[in-house]
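Trainee: just coords:
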């Protein structure tokens, strides 16, 4: 039973980055940590709500962390997120 839980956790992580936009966001945050949703949506030229949903999914997967700064929320890759980017480069 514990093995299923681990497999489900792995599935959640994989689903977290299984989207080209989310990978773009992760790459952007690697280069420029601590960006807000607005900054991310502007740089990648995507809708604010779309960016927000992708960030939410990345956070649920443990690939990024959110930090409040006044009225803004800043986003930064976790170590897991950085490891996933390295893994993705191996697959290229």
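Mentor: Here it is on my side, so go on. Bear in mind that the values here come from a model prediction, so they are computed numbers and not experimental data.
Trainee: distance from the chain centre to the longest helix along the chain, please.
Mentor: For the chain, the helix reaching the highest residue count under DSSP state H is reported as helix 2-17. Distance of helix 2-17 from its chain centroid, counting by CA atoms, centre = their mean, to the nearest Å, is 16 Å.
Trainee: show the subsequent helix or strand relative to that helix.
Mentor: helix 20-31 (DSSP states H and E).
Trainee: quick one: mean pLDDT for that next one?
Mentor: Throughout helix 20-31, pLDDT has a mean value of 97.
Trainee: which helices and strands sit right next to whatever helix or strand comes next after that helix?
Mentor: Using DSSP H and E, the helix or strand that follows helix 20-31 towards the C-terminus is helix 37-44. Packed against helix 37-44, as judged by 3 or more CB pairs under 8 Å, 6 or more residues apart in numbering; DSSP states H and E, are the following elements: helix 20-31, helix 48-60, strand 72-77. In short, each C-beta sits where N, CA and C put it, glycine included.
Trainee: show me the contact partners of the helix or strand following the shortest one.
Mentor: Just to be clear, that refers to strand 72-77. Using DSSP H and E, the helix or strand that directly follows strand 72-77 along the chain is helix 79-91. Applying CB atoms under 8 Å, 6 or more residues apart in numbering, the contact partners of helix 79-91 are 13, 17, 23, 26, 27, 29, 30, 58, 62, 63, 64, 77.
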